[in-house]
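> sequence first, predicted model second:
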There are 2 protein chains.
Amino acid sequence: MPTLPRCFAPTAAASKVVTVSRDEAHHLTRVLRLRPGDGVGLFDGVGGEWVGMLKSVSPNVTVEIVDAAIPAPEPDVRVTLAIGVLKGAQMDVVVRDATMLGVFAIAPMATRHVSIARRGAPGGGALQRWQRVALASTRQCGRAVIPAVSPIVPFESVLAETHAEAILMGVEPDRLGDYPLLDAGPKKPTALVLIGPEGGWADGEIEMAVTRGARLVQLGPRTLRAEAAPIVALSSLWTQWGW
Amino acid sequence: MPTLPRCFAPTAAASKVVTVSRDEAHHLTRVLRLRPGDGVGLFDGVGGEWVGMLKSVSPNVTVEIVDAAIPAPEPDVRVTLAIGVLKGAQMDVVVRDATMLGVFAIAPMATRHVSIARRGAPGGGALQRWQRVALASTRQCGRAVIPAVSPIVPFESVLAETHAEAILMGVEPDRLGDYPLLDAGPKKPTALVLIGPEGGWADGEIEMAVTRGARLVQLGPRTLRAEAAPIVALSSLWTQWGW
C-alpha cells in the first residue's frame, strides 16, 4: 500500500466530510501542496484510520472520507514512559522518538536531579509543545494513536499513582554487574518504564522505586546519552514483548 | 566505580606518561578544568583502558598511567553498520549513536536514493568529521574501542566485499506482513547491518542484497526516522544476541 500523506482528524469517526484544523490545513496545502482530488490518510488519534480525498481548500480545507483503513498495530503492552525532564530540544527528541516507538503515554517527571528551573516549568508552554511534537510524530510514523503527554509530575507521585502491572527502572551501567541487562520480565498488559534525567537517579529514588516493586535494569554496558535511553529501552522491550 | 573523565591516548599501552593531543588537552584542561593530580581515564581506541593522573598542564598536557583498568565489554558480534548517507547533522547522530551502541565499524554508503551531492562528497571533510564524532562518542559512552568509519562506498561494493557471516537488511514496515519483525537470526561472529537512506531502498537494491544472502527484517511496525533506524535495529539485535 503506497503511503498517503496523513492528517489528524479527531472527528473522523462521525463524519463523511471533515474540516481540518488550521495547522493540519497548512500542512496539507502549504507544506505538501496537495490539491483537491489528492488522497489523504486520516487518523483520529485514538486508533481510527481512514482513507480520504482532499475535497476543498477554500474557504476551509475539507477531506472527504472514502473508506475505513487498517490502522498500524499498537503494541500489546501499554507502556507509560516516565522520564526525568531533559533540556528543551532533548525532551522534544524523547517525545518524538517515544511516540514513534509506540508508547501509550509519556509522563515528564521532576526528579531530584532535574534542575529547579526545569521542574518549575508549570507545564504550560512546554506541555503544549510536547503535545504538538507527539502529534507530529504520530502523523509521520503512521500510528493512529497519539500518546498522551502529562504535565510534569514529581517522581514520588508517579510511583504512588501508577497502576502499571510491571515497573522497570533503567539504571546506569555498573561494571560490577549488579543489575541484569535489559530483561523485560514477563509480559503484562501495562508497564511503567522509568528513565532518569541527564544527571541520573538520586540514591533514594532507586530505593523508593525498588520498594514500590520496580525491577532495575541496565540499558546496555555503555553510558547512553540521556535522550537516547528511552529509544534503546523501548526497542529492547518490544523485542522481548513483541512489537 | 566512580566514572573518571576520559581521554584518548593511542600510545598508552607502551607508555608510563602520555602526552595527550591538542584536542584532548583542550578537553581535559579547558572544558573539564582538570588540574594536576586529578584522575583521568585513558583509552587507546583498540580496547585498552587505564586509570591515570593528570601530571602536568604546561608546556604539554601529560597524564601518568597509574594502573590498568577493565575496559567496558564489547559485544560478541562484530557488527558493521552500512547506512545510506544521510544529511549532515543526521549522519552525525547516526555515527554518535552507533558508536554508543557498540558497532565495530560504520560504512557510509552511496545508494540509488542517496542524492548525487551527498554521494559526490569525496569523504574528505565529512569522513574526518564522522571520525571525530566517533571518537567523541567513544569517550563519552565509556567504550575502549573506537569504531572505524570508512569513506563513502557504493552499495554494490559493500555487498561484494563483505565477509560478514550474517547480513541483515532493514526494510520499511509493510502492513502486508511480508517480512518478519526484527529477527536477528543465529548469532555469528560478524554481521553486516544494512540500513537505507532517507528515501529508502530502490527495488533492485533489495533484490541484490537478497541474492547476496541478506535476511530482510522490518524495524518495527511504524515508519522510523532515518537517523533513528540504526539505534532501534542495534538495540533489538543486542537484545537477541547479547550486549
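That came in fine, so what should we check first?
> tell me the buried residues in stretch A:31-40?
Within stretch A:31-40, the residues that count as buried by 16 or more other CB atoms under 10 Å in any protein chain shown are A:34, A:38, A:40. To be clear about C-beta, it is placed using only N, CA and C from the backbone, and glycine gets the same treatment.
> in strands, which of these fall?
Using DSSP state E, the subset of these located in strands is A:V40.
> near chain B, from the buried residues of stretch A:31-40?
Among these, not one lies near chain B by CB under 8 Å from any CB of the partner chain.
> can I get the buried residues of stretch A:31-40 in JSON lines including pLDDT?
Converted to JSON lines, the buried residues of stretch A:31-40 look like this (pLDDT from 0 to 100):
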{"residue": "A:L34", "pLDDT": "95"}
{"residue": "A:D38", "pLDDT": "96"}
{"residue": "A:V40", "pLDDT": "96"}
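> name the SS class of A:G213, please.
Following DSSP: H, G, I helix; E, B strand; the rest coil, we place A:G213 in the coil state.
> give me the neighbour count for it.
Counted with other CB atoms under 10 Å in any protein chain shown, the neighbours of A:G213 add up to 13.
> what's the pLDDT at it?
A:G213 is assigned 95 on the pLDDT scale.
> element containing A:E74?
For A:E74, there is no host helix or strand (DSSP states H and E).
> which residues are in contact with the closest residue in space to it that isn't next to it in sequence?
Nearest non-adjacent residue to A:E74, counting by CB to CB, 6 or more residues apart in numbering or on different chains: A:V145, 5.8 Å away. By CB atoms under 8 Å, 6 or more residues apart in numbering or on different chains, the contact set of A:V145 is A:45-47, A:71, A:74, A:104, A:138.
> are any of the residues you listed buried, and which?
Going by neighbour count (16+ other CB under 10 Å), the contacts of A:V145 have A:45, A:71, A:74, A:104, A:138 buried.
> shouldn't the second one be within a strand?
No: residue assignment for A:P71, taken from three-state DSSP, gives coil, which places it outside any strand.
> coming back round to it: closest one of the contacts of A:V145 to B:L54?
Distances from B:L54 to the contacts of A:V145, taken as CB to CB, are shortest for A:F104 (48.1 Å).
> for that closest one, give me its contacts.
A:74, A:78-80, A:145, A:147-148, A:190.
> using TSV, lay out the buried ones among the contacts of A:V145 together with pLDDT and distance to B:P230.
Compiled in TSV, the buried ones among the contacts of A:V145 are given as follows (pLDDT from 0 to 100; distance: CB to CB, whole Å):
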residue	pLDDT	distance to B:P230
A:G45	97	29
A:P71	94	27
A:E74	95	24
A:F104	98	25
A:T138	97	22
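> just to revisit the earlier point, and of the buried residues of stretch A:31-40, the nearest to chain B?
Ranked by distance to chain B (CB to the nearest CB), these are led by A:V40 at 16.5 Å.
> name the nearest residue to that closest one, ignoring sequence neighbours.
Closest residue in space to A:V40, ignoring its immediate chain neighbours: A:G52 at 4.6 Å, by CB to CB, 6+ apart.
> in the helix or strand where the one you found lies, which residues are buried?
For A:G52, the enclosing helix or strand under DSSP H and E is strand A:49-56. Using 16+ other CB under 10 Å as the test for burial, strand A:49-56 gives A:49-55.
> which bits of chain A sit near chain B?
Chain A has residues A:1, A:3, A:70, A:72-73, A:96-97, A:100-102, A:140-143, A:173, A:175-176, A:181-182, A:220-225, A:228, A:231-232, A:235-236, A:238-240, A:243 near chain B, with proximity defined as CB under 8 Å from any CB.
> for chain B, give me its nearest residue in chain A.
For chain A, CB to the nearest CB, closest residue to chain B: A:S235, 3.6 Å.
> backbone phi and psi for that residue, please?
Backbone geometry at A:S235, expressed as degrees, to the nearest 10, gives phi -60, psi -40.
> hang on, the earlier thing: I'd like the list of the residues of chain A next to chain B that fall within strands, please.
Per DSSP E, these never map to strands.
> ranges for the helices of chain A?
Remark: helices assigned in chain A by DSSP state H are A:22-26, A:88-100, A:116-120, A:124-141, A:155-161, A:203-211, A:229-241.
> contacts for the fourth one?
Spelled out, it's helix A:124-141. A:6-8, A:27, A:43, A:45, A:88, A:91-92, A:95-97, A:99-100, A:106, A:108, A:144-147, A:149-152, B:222-225.
> again with stretch A:226-235
Identification of contacts with stretch A:226-235 by CB under 8 Å, 6+ apart yields A:79, A:81, A:83, A:86, A:90-91, A:93-94, A:97-98, A:101-103, A:168, A:170, A:182, A:193, A:195-198, A:217, A:219-220, A:224, B:97, B:100-101, B:220, B:228, B:231-232, B:235-236, B:239.
> please redo it, this time with the cut-off set to 7 Å
Outside of stretch A:226-235, the residues within contact range by CB atoms under 7 Å, 6 or more residues apart in numbering or on different chains are A:81, A:83, A:86, A:90, A:93-94, A:97-98, A:101, A:103, A:170, A:182, A:193, A:195, A:197-198, A:219-220, A:224, B:97, B:100, B:228, B:231-232, B:235-236.
> pLDDT below threshold where in chain A?
Along chain A, the parts satisfying pLDDT under 70 run over A:1-2, A:116-124, A:174-179.
> list the contacts for the residue nearest in space to the middle of chain A?
What sits nearest the mean C-alpha location of chain A, by CA atoms, centre = their mean, is A:T99, with 3.1 Å. A:T99 makes contact with A:134, A:137-138, A:141, A:147, according to CB under 7 Å, 6+ apart.
> list only buried entries from the residues of chain A next to chain B.
Buried members of the residues of chain A next to chain B, counted by 16+ other CB under 10 Å: A:72-73, A:96-97, A:100-102, A:140-143, A:173, A:181-182, A:220-225, A:228, A:231-232, A:235-236, A:238-240, A:243.
> ok, A:V193 touching A:A166?
No: using CB atoms under 7 Å, A:V193 makes no contact with A:A166, being 8.9 Å away.
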